[in-house]
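Asker: My questions are about this predicted structure, shown below with the sequence.
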Amino acid sequence: MYLETKDVVKQYAHHLALNKVSITVPKGSVFGLLGPNGAGKTTLIRIITRITAPDSGEVIIEGRPSRAEDVYRIGYLPEERGLYKKMRVGEQAMYLAQLRGMTKQDAHRELMRWFRRFDIMSWYNRKVEELSKGMQQKVQFISTVIHNPDLLIFDEPFSGFDPVNADIVKNEMLRLKEEGKTIILSTHNMESVEALCDNIALIHKSEVVLQGRVFDIRKDHRPGIFRFRLYGNGFDLDHPSFTLLSKEPYHEFIDLRIRKAEGVSGNELARLIFDHYEVVSYDEELPTMHDVFIRTVT
Amino acid sequence: MTRSCPPCTMFLSVPSPENRTYGSKILLSFNPHQSQTYMNKLSLVIQREYITRVRKRSFIILTLLMPLLMVGLSFLPLWLSTLNDGEVKQIAVIDQTGIYAPLLQSTDSYRFEIVGEKQQPDAAAKVGKELFAILQITGDLSENPNAVSLTSEKQSPQELQSLIRQTLREKVTQQRLDQLSQGGNVDEEAIAQVREILDNRPSVTIQTLRMGGDGSVSESSTELSTIIGMVFTILIYMFILMYGNMVMQAVLEEKKSRIVEVMVSSVKPVNLLIGKIVGIGLVGITQLAIWTLLAGGLFSLLSLFVVAPEQVASMSEGMGGMADLNAMGNMGGMELNGIMGSILSINWLEILLFFLLFFIGGYVLYASIFAMFASAVDSEEDTGQFLTPVTLLIMFAFFAGFYSVNNPDGPLAFWASMIPFSSPIVMMVRIPFGIPLWEKILSIVLLYGTFILISVFAAKIYRVGILMYGKKPSLKEMFKWVRYK
């Protein structure tokens, strides 16, 4: 267990930002921190990164309460991120790396490596204000990972990136995971959650309402919708054990979406259809994280 | 190089060969040498704040040109006033008594022309064209001092008024004395003596001496103390306002560019604030040091080349008229050697030392306040509501300093130089006049005590404020932040 929070509570003047939030982030995995705007994700991240302190509860790292030095092992890319506009790119990256505890020599060597890797060596002496937003994001990403931290926290890392650069970042994250880093990813982009995350926690109205492995969560949230592809040109079966959602002809087939009634098992439903029609294929729809999210918070 | 880090060693911080130094540094931070990294980060922040500002072209230009600009600005009005001399203004004099008109001597700038009474409508029509003004005297001024008027289209210059006033006053004095002697009741000789006294107005120079605590008496120059006091008051006022504002801009910049959250994930907000205030303060001290060296150099250059005394005299006369500082006008009367001597007799070291102490105190006090309010808002436009009272406070201090010059030991000067919000500015007026040591020490202790309290308070608000975006908080909400964990 690399990181966990135990009953973290944070109260601001007029609202409770976090109410007994406990999450468990396994080592070497990508953990999705999801939730609507204002749910308390950023507050939780700020507590993990020790920017603010919880009113009660604690952050546990490797089984012991987190300490001030732990910030050297955390790389944090906040949602609200920027750079000093008047500084040169290289200078700025050096500054941030040194603030994260690196020596000048180490910082310089690592920077060179990353700049070469992202093919942005030519920006080294440019002023930040001359760069486009996407270019600045790359520099920010480098500043986050430069000190080789064990825990990486990305808050909306893909906003502002074009699809090409978003893929670069996505691949970098997967590579970091392979290296054994633990990653917390907070995003509204549910496709990337499915593609990247092993586990998630969904925070809604200051509380964790859903937590677990992505696959388990999707499995548990199956809405009971089945897709059948049948031979023939008609479907007129009516039975209390299902409701027909849609019926589409497809070449010489018919595609059906049907929802099974409560108390009916998937097998019973399949048997019923198989009895009456010639079935080419059938499967049960797994909900997308998008569906799970919407269903949980509304 | 591979950045692989086997999971088993990950949490033990065993350094991989490539980043051995870095790894050992982490290990170091786990042991009691924590203060080392703390100081390291703080010094990094200070360095950045300092270096990025000092190497700015605007800073270098301002620092080198400001002294020249100041000298230039004080001489510009003088130069401009000489420009005006080219134009000769015509003044028609209509004197019904005929006594005064012939006495008015035309100068380089004004030409008086006697005009008969009948031509008055003619002259009146010409005012504002060929004629600048009409001077009309309708009766004996020794009997009726109000029987004179000066009519012009534009505001008539002080210079012209005083020229006419002086000529008329002298004549009226003569007339009165004549009347007295014609009365026959007064001794002729006595009147002759009075005339002589009036002709050669005696001038008195007061030698001002100060008694020190040990009974020693030292020469002091009130005029010079006034000038030095004013210069340093203006300087410290400017410095506090300028550098306090710079801190505010810096806080706003970090908030607006959204870098602040990146920063506080590796630096404690308090250190970020301290680093910013110290770094920018050092920029101010650098500027002060450069100015001191430049001024010192300029002065030694001046003392090497002998300046013609009349030049100095006319210079200070001009400045006196310009700034309406009587003290400066009086300087004209002093010998050049005397001025140089007085300048050398001032305890510059003491003044500069206290300037530094009061600048640091006042700057940190106001910079903390500026930073506190800047952290709570999202943009410059929102700072107004909070900053107006602060600016008024500084303005009050500035004016208190201005008035204290007349009475540097009076109650206004004393109390304003004890209250921490005005003491840095007002105390600088008083120090050149020489004040007891305990007052200076008490003032500094009060100032430093206050800034420690205020900056701790400001840091607590700053810490929360920098991460708050959106709605502008009320003062009440800001005070609640202080209690946040």
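Answerer: Structure received. Numbers count the residues shown, from 1 in each chain, chains lettered A, B, ... in the order given.

Asker: which is the next helix or strand following the host helix or strand of residue B:369?
Answerer: Using DSSP states H and E, residue B:369 sits in helix B:348-376. Note on helix B:348-376: by DSSP H and E, the next helix or strand toward the C-terminus is helix B:384-404.

Asker: Setting aside sequence neighbours, what's the nearest residue to the residue of chain A at minimum distance from chain B?
Answerer: Closest approach of chain A to chain B (Cβ to the nearest Cβ) occurs at residue A:82, with a separation of 3.4 Å. Using the backbone N, CA and C atoms, a C-beta is placed for each residue, glycine as well. Excluding the flanking residues, the one nearest residue A:82 by Cβ to Cβ, 6 or more residues apart in numbering or on different chains is residue B:258, at 3.4 Å.

Asker: helix, strand or coil for the one you found?
Answerer: Under DSSP: H, G, I helix; E, B strand; the rest coil, residue B:258 falls in the coil class.

Asker: if I pick it, what's in contact with it?
Answerer: Applying Cβ atoms under 8 Å, 6 or more residues apart in numbering or on different chains to residue B:258 gives the contacts A:78, A:80, A:81, A:82.

Asker: Would you list the phi and psi of the residue of the stretch 301-450 of chain B found nearest chain A?
Answerer: Residue of the stretch 301-450 of chain B nearest chain A, by Cβ to the nearest Cβ: residue B:378 (11.3 Å). When read as degrees, to the nearest 10, the backbone of residue B:378 gives phi -100, psi -20.

Asker: secondary structure class for the nearest residue to it once chain neighbours are set aside?
Answerer: Leaving aside its sequence neighbours, residue B:378 sits nearest to residue B:469 (Cβ to Cβ, 6+ apart; 6.1 Å). Three-state call for residue B:469 (three-state DSSP): coil.

Asker: Would you check how far apart residue B:469 and residue B:160 are?
Answerer: Plainly put, residue B:469 is 62 Å away from residue B:160 if you go by Cβ to Cβ, to the nearest Å.

Asker: who's more crowded, those two?
Answerer: Taking other Cβ atoms under 10 Å in any protein chain shown, residue B:469 and residue B:160 do not tie; residue B:160 has more neighbours (19 against 10).

Asker: roughly how far is the helix or strand where that one lies from the heart of the chain?
Answerer: Under the criterion of DSSP H and E, residue B:160 resides in helix B:158-182. Centroid separation for helix B:158-182 versus its chain: 40 Å, with Cα atoms, centre = their mean, to the nearest Å.

Asker: helices or strands next to that helix in the packing?
Answerer: The helices and strands touching helix B:158-182, judged by 3 or more Cβ pairs under 8 Å, 6 or more residues apart in numbering or on different chains; DSSP states H and E, are strand B:148-152, helix B:188-199.

Asker: which of these has the lowest average pLDDT?
Answerer: Among the helices and strands packed on helix B:158-182, helix B:188-199 has the lowest mean pLDDT, at a mean of 79.

Asker: In that one, which residues are buried?
Answerer: Buried residues in helix B:188-199, counted by 16 or more other Cβ atoms under 10 Å in any protein chain shown: none are found.

Asker: Now do that helix: everything it contacts.
Answerer: B:173, B:177, B:180, B:181.

Asker: Can you turn the buried part of these into a PyMOL selection?
Answerer: Buried subset of those, written as a PyMOL selection, criterion 16+ other Cβ under 10 Å:
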select buried, chain B and resi 177+181
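
Asker: Could you report the neighbour count for the nearest residue to residue B:398 once chain neighbours are set aside?
Answerer: Leaving aside its chain neighbours, residue B:398 sits nearest to residue B:237 (4.9 Å; criterion: Cβ to Cβ, 6+ apart). Using other Cβ under 10 Å, residue B:237 is surrounded by 20 other residues.

Asker: And the one 4 residues further on, by the same measure?
Answerer: Neighbour count of residue B:241, defined by other Cβ under 10 Å: 19.

Asker: now swap in residue A:149 and tell me
Answerer: 21.

Asker: Against residue A:92, how distant is the closest residue to residue A:50 other than its chain neighbours?
Answerer: Counting by Cβ to Cβ, 6+ apart, residue A:50 lies nearest to residue A:71, which is 5.6 Å off, once chain neighbours are set aside. Computed as Cβ to Cβ, the residue A:71 to residue A:92 distance reads 19 Å.

Asker: Show me which of these two is the more surrounded one.
Answerer: The neighbour count for residue A:71 versus residue A:92, taken as other Cβ under 10 Å, is higher for residue A:71 (24 against 21).

Asker: Correct me if wrong: the more buried one contacts residue A:59.
Answerer: No - in this structure residue A:71 lies outside contact range of residue A:59 using Cβ atoms under 8 Å: 11.6 Å.

Asker: Mind listing the shared neighbours of the two?
Answerer: Counting by Cβ under 8 Å, 6+ apart, the residues touching both residue A:71 and residue A:59 are residue A:50.

Asker: Not counting stretch B:425-434 itself, show me its contacts.
Answerer: Outside stretch B:425-434, the residues within contact range by Cβ under 8 Å, 6+ apart are B:210, B:220, B:222, B:224-226, B:228-230, B:232-233, B:235-237, B:240, B:346, B:350-351, B:354-355, B:358, B:362, B:394, B:397-398, B:400-402, B:404-405, B:408-409, B:413, B:416-417, B:440, B:443.

Asker: Would you mark the buried spots in that stretch?
Answerer: B:425, B:426, B:427, B:428, B:429, B:430, B:431, B:432, B:433, B:434.

Asker: which regions of the chain sit below the pLDDT cut-off?
Answerer: Just so you know, I chose chain A. A:1 (pLDDT under 70).

Asker: wrong one, I was asking about chain B
Answerer: Scanning chain B for pLDDT under 70 picks out the ranges B:1-39, B:74-75, B:77-86, B:201-203, B:205-221, B:302-345, B:485.
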